[in-house]
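In: Mind looking at a prediction? Sequence and model below.
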Amino acid sequence: MKLIMAIIKPFKLDEVQAALSPLGIQGLTVSEVKGFGRQKGQTEIYRGAEYQVSFLPKIKVEVAVKAEIADQVVEVICAAAKTDKIGDGKVFVMDIQKAVRIRTGETDGDAL
Amino acid sequence: MKLIMAIIKPFKLDEVQAALSPLGIQGLTVSEVKGFGRQKGQTEIYRGAEYQVSFLPKIKVEVAVKAEIADQVVEVICAAAKTDKIGDGKVFVMDIQKAVRIRTGETDGDAL
Amino acid sequence: MKLIMAIIKPFKLDEVQAALSPLGIQGLTVSEVKGFGRQKGQTEIYRGAEYQVSFLPKIKVEVAVKAEIADQVVEVICAAAKTDKIGDGKVFVMDIQKAVRIRTGETDGDAL
Amino acid sequence: MTKSKFFAVGGVTAALALGTAAPAHAEVTAETAFILNSLSFLMHGFLVMFMAAGFCLLEAGLVRTKNTSMQLLKNIAIYSVAGIMFWALGYNLMYMDVNGWIGSFMPWSAADPAITEAGFDAAAEQGYAAGSDWFFQMVFVAATASIVSGTVAERIKLWPFMLFTVVLTAIIYPIQGSWTWGGGWLTEMGFSDFAGSSIVHSVGGWAALAGAIVLGARKGKYGPDGRVNPIPGSNLPLATAGTFILWLGWFGFNGGSQLAMGSAADIRDIATIYINTNLAAAGGAVTVMVLTQLIYKKVDLTMVLNGALGGLVSITAAPLTPEPSLAIIIGAVGGVLVVFAVPFFDKLKIDDVVGALPVHLVCGIWGTLAVPLSNSDASFVNQIVGIAAIGAFTFTASLVVWLILKVTVGIRVSDEEEALGLDKTELGLEAYPEFGAGSTGR
Amino acid sequence: MTKSKFFAVGGVTAALALGTAAPAHAEVTAETAFILNSLSFLMHGFLVMFMAAGFCLLEAGLVRTKNTSMQLLKNIAIYSVAGIMFWALGYNLMYMDVNGWIGSFMPWSAADPAITEAGFDAAAEQGYAAGSDWFFQMVFVAATASIVSGTVAERIKLWPFMLFTVVLTAIIYPIQGSWTWGGGWLTEMGFSDFAGSSIVHSVGGWAALAGAIVLGARKGKYGPDGRVNPIPGSNLPLATAGTFILWLGWFGFNGGSQLAMGSAADIRDIATIYINTNLAAAGGAVTVMVLTQLIYKKVDLTMVLNGALGGLVSITAAPLTPEPSLAIIIGAVGGVLVVFAVPFFDKLKIDDVVGALPVHLVCGIWGTLAVPLSNSDASFVNQIVGIAAIGAFTFTASLVVWLILKVTVGIRVSDEEEALGLDKTELGLEAYPEFGAGSTGR
Amino acid sequence: MTKSKFFAVGGVTAALALGTAAPAHAEVTAETAFILNSLSFLMHGFLVMFMAAGFCLLEAGLVRTKNTSMQLLKNIAIYSVAGIMFWALGYNLMYMDVNGWIGSFMPWSAADPAITEAGFDAAAEQGYAAGSDWFFQMVFVAATASIVSGTVAERIKLWPFMLFTVVLTAIIYPIQGSWTWGGGWLTEMGFSDFAGSSIVHSVGGWAALAGAIVLGARKGKYGPDGRVNPIPGSNLPLATAGTFILWLGWFGFNGGSQLAMGSAADIRDIATIYINTNLAAAGGAVTVMVLTQLIYKKVDLTMVLNGALGGLVSITAAPLTPEPSLAIIIGAVGGVLVVFAVPFFDKLKIDDVVGALPVHLVCGIWGTLAVPLSNSDASFVNQIVGIAAIGAFTFTASLVVWLILKVTVGIRVSDEEEALGLDKTELGLEAYPEFGAGSTGR
Ligand SMILES: Nc1ncnc2c1ncn2[C@@H]1O[C@H](COP(=O)(O)OP(=O)(O)O)[C@@H](O)[C@H]1O
Ligand SMILES: Nc1ncnc2c1ncn2[C@@H]1O[C@H](COP(=O)(O)OP(=O)(O)O)[C@@H](O)[C@H]1O
Ligand SMILES: Nc1ncnc2c1ncn2[C@@H]1O[C@H](COP(=O)(O)OP(=O)(O)O)[C@@H](O)[C@H]1O
């Protein structure tokens, strides 16, 4: 199994989630994060002093999937999250050794 | 070493934490996340219009442990977090190559 | 590639970020977490009743880097985040199988 | 007698008349009456002024976090601009030498013939300080403008909105106001609107409706299939605090519209107005609680807030004449209207962020229509003519202004700006920069 | 002289008497006095009305995020219901033809004999507009009901709570109120409670105490070992804003209870009341600051807020007669009581979410007991009899109502609903939907 | 005539004089005037009291989340302490037997010669209840103290700050106040400051300036290279609500400073004051909107709030005499000053968290200087002497007190405490414990 962790623009969440359904993905976990990257925040002025907003709001999506569909999931996420503008984010793929569904005790593939 | 990442119901956090102490686990890290899954949120009505709450509040617990107790830790978490109702969450286990305690520079097993 | 996950004290974030620039690291992702560990929160009193604050605010920094600089990055983070007081936090290193930059589709090393 | 703002210094006249007939020391002297009448304007005026804060918090609580700073800014700007424009133009257009349809074009200047070098002259024509009346009328126009900002929130550009506010407060509101409170043709005809269910509230509603139509709905509010996607307000304590402040301010709004406090009869009337105002609001709130429980199985706090305000707007056209029981009923009907009008406007895809149309437009019309129920001097026909005339003029004039603004400077931010929120794109300032910034998926 | 609400239109009478004896033009005419007395009711009444907002924000700030919307809703609902019930039943039960123990069962209807067809009749029996008095009394009963909602927060069902509010405002409060302010047996006996330390505040406290006992503590508040687990309030700016609003409103609460403003002596007394009210609140707040610093090594803001309110409640039974220094002391003792009563109720496992019992019940009793310190017409024995009678009646009646509600419709939400929060389960509406939703571990 | 608080019971005198000359029943009787004058103090006084809540919310909204509880606590503590100290010492030091430079050392005690056993005595020297005046003056001193807390926020220790407040309200403010409003040497010289642009606002500003200098800037506010690092306020709805409350309270602040309401001329003047106060605030707010748009390409809400307040402070020295157009201009200049003074103080590395120096100090000076523009009794030279004398005394005295506190008990928290936030380290209580706690990187 793989854990796919995607950092995306916040307003793209609904599209990403919608795009994953057809692949049979029934669950995912989302958190609010701040991203620092090539995309620079606007220079803002507060009470006459300029400052650079370096951390921008992003959404982190974590979804555990069977290894065989991992590549496809990554592609789908990228397609859905893309705006072609800087700051669209990244997708990282990691190994999961084990997964358990707490309610039933099912493990691995069945737990997802 | 293993990183155990558990997505649980928020009100189960205290019980999970309490259950881990006897195993000698002295640290863990918690974040607020929103989960999408089989458990559907209530249908709510706001100003006369219905909507589905699809993201439900969950807590993500991350705890790094020595490989040998990983299975036990997973079991304990599952037992403590279980309500037998849909939406109880998942536990994922991943490999950690290296761990460092920032304060002392201790590494790996000693760092946990 | 490696995913380096550091749990640090919140007010150390700016220093950690500044220390990483010289290594050519151009992006990282940050989240607010609560940490439970050896560092105990103050005993607080609210309306005449004592309680222990067991979860303390921490910042989680996640940064994906090429494997060859992983050790160096860990060292730099530790140096920048250190206050020598309990609760300075941990750094964990994990494997990443794959990384994609959503905007361009670049993968792995190029995606970071 | 129809209580129009133009004629209603009856209390003073009564006191003066009494001055000669009544037993010594029972009556109010002319100067004391002058003071008390003016005090009523000032005291009730500062209560109405506080309604600006009420509108501000109500609206700031019902928009999303990312548009909150903008909503705050617009509300303090509205109140500021309204005051300046009403001085520069509005007051005299509404009250000075009204020829039936319009007053004069010139800034207001205070003049108090009653106070001469030799002291107070009881024979001078007015029973109150001119400035106190100006102050009281000024805070009313600010209320009208505040209504608009709630409806068009979360997608309108700042400066075009401010331009609309200038026109509304300097020209549109005063012109229609002159027809009734300025002693113009509607008053002559017999139209009755004691404190402004139509003249203030539905006027704000009509201007807002025109704006909402020209502007279009927020992105994502209505699905392609006609589905309504609720967009919950971000801070309900703010919205509730705003509602309580508005409720408080309404004692000034309706009570001060008695326009006199210098006789026993006047203060008795003001007391009655307070009571009816309060009972109508209570009736509106309780009705919405019960109705939303019955219809939706859950009470909707935001609708209850709207319900209290709907009750207040409903009683505003005739807060003096109803019995307490009728006041409760008038407010309760307002509550019912709110419950049904909110989804109704959604069905029309008219996106009204804070519910200003149900509250101010719909209940404003209802309140004006309800006047004959308790006031035999009013007739349904006259009321309908007044409602229609005011509505037609205000809606048309507003529509023209909105359209001109749309084709010239543009009134709506880009889709991306809307997605990011006006706070970041228009102001560069978050309302709560330390949390809530990257709220999930919104 | 004991200042009871029933007798205290002395100012007017005095002015009228003066009317014949004093030098010409020095006195206040009867009609002017009528206006000023009524104005006092209305102005002070709107200040007390605003206390509803104060209670609302205070309570909304001291509950957890997940129960905030519910607390907002309950507070606006209480104020609405109280107004309607006091019209439908309460006022006449309290003030109309009181036979010593109870008044009449019928809705209130305004009647102002003082104002006849022929104008103002100085010989008519009342010195103020009947409606202004009704308004002032109505806002008092709303305050009583608001006290209860804070104590029983975070676990009570909405509708049973509303039913209790109906009974409290329509029946329980008015009946005991008739004993003193309605001129009943307690007034005859010589019990003195100027503005309601007992009649309003401890009555709210007794009703809340009964509710808290029947309802039980919030889950997790008390550990099995008797440990108290603090549950911090979620929004202290709201709680502080609420406290300031209550403090402001208290000038109306105590100042208006002079019941007259139509003579120099009355306005002087009102000024004294303002001063003492303010100093007692200040004394309470400062005392709690110092005490919590000494005892706990840290100042507890929520206790300081309670301390200011405790000072206010303490002075309420006699805000006119103390010297400034005594007012500070009375308030300071109130502060001390708050500091010790908060943990005391926790020791009894009586879970009072906002500290309403220490503030309103304990300080209400203290304030009533303290009357003889400055008022030689009052005696400790009479005060104790009054406190006990009011307490016994209110507590018993409330207990019965709560128990009936418990066994019939049930008053407490399920454990799961409590864990999820009332906002989601009872209202389906979060107070801050964009953040704070899934707050760590709560 | 220069309207000093000392002399300005002209209305009453006028009315009394009139009493003999004017036609029967046209004038106000002495007792009625007494009531109305006192009522003005009380009503306007409660509005000013509410400003304490305004300052509290404004400041709580402009600090970071981690220092919010502390700011709330300090504001309620200031208001409490100010009231007690002004009774214990301040009032008599300011108003009792002022020898030109200072009054008497003793607690205030009410005495109302006007009301004797025999009733109201029109010949007694004062035209109002002594207590009503005390109340009104007391709320002013609280405002002065509130100004300081905003500037020194986020780094000062609680108790040393409270000690400073004690000295400021008991000694520093009253002494300089005696020079003008106590009838001392500045009044004799011809200095004019109607409602306290200098006496209240710039005094607060000077005390704050001394504090900011002794205390130093917040860590991280100024980079080593002289860079200014903005530290955004955490809750702009609170800050905006606070500003609206201050605006409301200002009608009391300026209107009540007429010191009389017992004649037609007085109420006319109060009306004029309300109008000018409102227009100046509007002028300030609108000017800042336009200016920040032009200079920074984005409107800065926090500056607009400061601008409205700057306009209010600017008009405070002469709210009665300007024409409406001049009032707008005076306020607008206040707005311009705010826009340029905010970065100016930053350039000097004087860290003023909420902008109290631009608003209260700079605009206070400007407002005092502007008096001769509309008031021919005032001269620029006299105004400058007054500004300088008040400034020199207040700044020096404050500096000494701050320095003594610094070297004895210490006034600043440790760097670590500052980083963690005062709420946790000094109070052990978070303002919003369920969210915002570990805000990113701050
Ligand atoms: N090396 C990295 N490790 C972790 N997160 C990263 C890394 N680089 C970028 N990110 C995340 O991706 C987001 C987008 O990256 P950025 O460089 O701004 O633009 P782009 O996605 O177009 O390359 C950042 O805001 C950050 O959250
Ligand atoms: N494939 C997945 N990857 C990541 N998180 C998941 C995945 N599936 C479920 N989750 C998380 O687990 C939570 C519970 O899952 P859900 O399907 O609702 O019920 P259950 O735990 O009973 O299977 C979800 O809210 C989500 O946070
Ligand atoms: N085993 C663990 N797994 C995950 N996070 C941990 C673990 N142990 C500690 N942490 C995190 O590191 C933080 C600091 O740990 P703590 O034991 O308090 O002090 P120190 O860093 O000095 O060892 C904790 O607050 C927690 O967030």
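Out: Everything's here; your move. Ligands and ions are numbered 1, 2, ... in the order given.
In: tell me the contacts of residue D:94?
Out: D:103, D:137, D:173-175, D:177-178, D:181-182 (Cβ atoms under 8 Å, 6 or more residues apart in numbering or on different chains). The C-beta positions use only the backbone N, C-alpha and C, and glycine is treated the same way.
In: Spell out which parts of the stretch 251-400 of chain D neighbour chain B.
Out: Proximity of the stretch 251-400 of chain D to chain B, by Cβ under 8 Å from any Cβ of the partner chain, involves residues D:296, D:298, D:300, D:302-303, D:339, D:342-343, D:346, D:355.
In: tell me which parts of chain A are close to chain F?
Out: A:34, A:44-51, A:55.
In: related to what we said a few turns ago, in helices, which of the contacts of residue D:94 appear?
Out: Among the contacts of residue D:94, the ones falling in helices (DSSP state H) are D:137, D:173-175, D:177-178.
In: Tell me the one of those nearest residue B:21?
Out: residue D:173 (67.9 Å; Cβ to Cβ).
In: Now do the closest one against residue E:370, distance only.
Out: For residue D:173, the distance to residue E:370 (Cβ to Cβ, to the nearest Å) stands at 54 Å.
In: of those two, who's got more company?
Out: residue D:173 (30 against 25; other Cβ atoms under 10 Å in any protein chain shown).
In: That one touches residue D:90, doesn't it?
Out: Yes: here residue D:173 lies in contact with residue D:90, judged by Cβ atoms under 8 Å, at a distance of 6.8 Å.
In: Give the intersection of the neighbour lists for these two.
Out: Common neighbours of residue D:173 and residue D:90 (Cβ under 8 Å, 6+ apart) are residue D:141.
In: Residue 97: what's it in contact with?
Out: Since you didn't name a chain, this refers to chain A. B:2, B:93-95.
In: Hmm, no, I was thinking of chain D.
Out: Counted by Cβ under 8 Å, 6+ apart, residue D:97 has contacts D:103-104.
In: residue contacts, the residue nearest to residue A:87 when sequence neighbours are not counted?
Out: Leaving aside its chain neighbours, residue A:87 sits nearest to residue A:39 (3.0 Å; criterion: Cβ to Cβ, 6 or more residues apart in numbering or on different chains). Applying Cβ under 8 Å, 6+ apart to residue A:39 gives the contacts A:56, A:86-87.
In: roughly how far apart are residue A:39 and residue A:5?
Out: 19 Å.
In: can you check residue D:350 too?
Out: From residue D:350 to residue A:5 the distance is 42 Å (Cβ to Cβ).
In: Specify which residue of the two has the higher count of neighbours.
Out: residue A:5 (21 against 18).
In: residues in contact with that one?
Out: A:60-62, A:91-94.
In: Pipe the residues you listed into TSV and attach neighbour count, pLDDT and secondary structure per row.
Out: TSV is the format used below for the contacts of residue A:5 (neighbours: other Cβ atoms under 10 Å in any protein chain shown; pLDDT from 0 to 100; DSSP: H, G, I helix; E, B strand; the rest coil):
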residue	neighbour count	pLDDT	secondary structure
A:60	20	96	strand
A:61	23	97	strand
A:62	20	97	strand
A:91	23	97	strand
A:92	24	97	strand
A:93	22	97	strand
A:94	23	97	strand
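In: Return the closest of those residues with respect to chain F.
Out: Of all these, chain F sits closest to residue A:60, with 13.8 Å by Cβ to the nearest Cβ.
In: hang on, the earlier thing: in ChimeraX, how would I select just the buried ones from the residues of chain A next to chain F?
Out: Selection of buried members from these for ChimeraX, criterion 16 or more other Cβ atoms under 10 Å in any protein chain shown:
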select /A:34,44,45,46,47,48,49,51,55
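In: from the residues of chain A next to chain F, which ones fall inside helices?
Out: Those of the residues of chain A next to chain F lying in helices (DSSP H): none at all.
In: Mind checking which of the residues of chain A next to chain F are in strands?
Out: A:34, A:44-46, A:49-51 (DSSP state E).
In: Up against chain B, what does the stretch 101-250 of chain D have?
Out: Checking the stretch 101-250 of chain D against chain B by Cβ under 8 Å from any Cβ, the hits are D:228-230, D:232.
In: Buried among those residues? Need that as a selection in PyMOL.
Out: Those of these that count as buried under 16+ other Cβ under 10 Å are selected in PyMOL with:
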select buried, chain D and resi 228+232
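In: need the residues of the stretch 101-250 of chain D next to chain B in JSON lines with distance to ligand 2, can you?
Out: Formatted as JSON lines, these follow (distance: Cβ to the nearest ligand atom, whole Å):
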{"residue": "D:228", "distance to ligand 2": "26"}
{"residue": "D:229", "distance to ligand 2": "21"}
{"residue": "D:230", "distance to ligand 2": "21"}
{"residue": "D:232", "distance to ligand 2": "20"}
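In: Show me which residues of chain A are close to chain B?
Out: A:3, A:17, A:26-31, A:64, A:94-103, A:105, A:111-112.
In: filter these to the buried ones?
Out: A:3, A:17, A:27-31, A:64, A:94-96, A:98-103, A:111-112.
In: so of those residues, which ones are in helices?
Out: Per DSSP H, those map to helices at residue A:17.
In: From the buried ones among the residues of chain A next to chain B, list the ones also adjacent to chain C.
Out: Within those, those near chain C by Cβ under 8 Å from any Cβ are A:31, A:94-95.
In: in the chain, what spans have low per-residue confidence?
Out: You didn't say which chain, so I picked chain A. Low-confidence segments of chain A (pLDDT under 70): none present.
In: meant chain D actually
Out: Across chain D (using pLDDT under 70), the flagged ranges come out as D:1-26, D:435-442.
In: ok, residue D:108 to residue D:92 distance?
Out: Residue D:108 is 6 Å from residue D:92, by Cβ to Cβ.
In: repeat for residue D:57
Out: 32 Å.
In: higher neighbour count, these two?
Out: residue D:57 (29 against 22).
In: helix, strand or coil for residue A:69?
Out: For residue A:69, the secondary-structure state derived from DSSP: H, G, I helix; E, B strand; the rest coil is helix.
In: Please name the nearest non-neighbouring residue to the residue of the stretch 201-350 of chain D found nearest chain C.
Out: Residue nearest to chain C within the stretch 201-350 of chain D: residue D:234 (18.9 Å; Cβ to the nearest Cβ). Take residue D:234 and drop its neighbours on the chain: the residue closest to it by Cβ to Cβ, 6+ apart is residue D:65, 4.5 Å away.
In: what's the answer for residue D:352, then?
Out: Residue D:352 sits nearest to residue D:151 (Cβ to Cβ, 6+ apart), 4.6 Å away.
In: Next, the contact list for that neighbour, please.
Out: D:208-209, D:211-212, D:352-354, D:356-357.
In: how about JSON lines for those residues, with secondary structure and distance to ligand 3 added?
Out: Below are the contacts of residue D:151 laid out as JSON lines (DSSP: H, G, I helix; E, B strand; the rest coil; distance: Cβ to the nearest ligand atom, whole Å):
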{"residue": "D:208", "secondary structure": "helix", "distance to ligand 3": "50"}
{"residue": "D:209", "secondary structure": "helix", "distance to ligand 3": "54"}
{"residue": "D:211", "secondary structure": "helix", "distance to ligand 3": "50"}
{"residue": "D:212", "secondary structure": "helix", "distance to ligand 3": "49"}
{"residue": "D:352", "secondary structure": "coil", "distance to ligand 3": "46"}
{"residue": "D:353", "secondary structure": "coil", "distance to ligand 3": "41"}
{"residue": "D:354", "secondary structure": "coil", "distance to ligand 3": "42"}
{"residue": "D:356", "secondary structure": "helix", "distance to ligand 3": "47"}
{"residue": "D:357", "secondary structure": "helix", "distance to ligand 3": "50"}
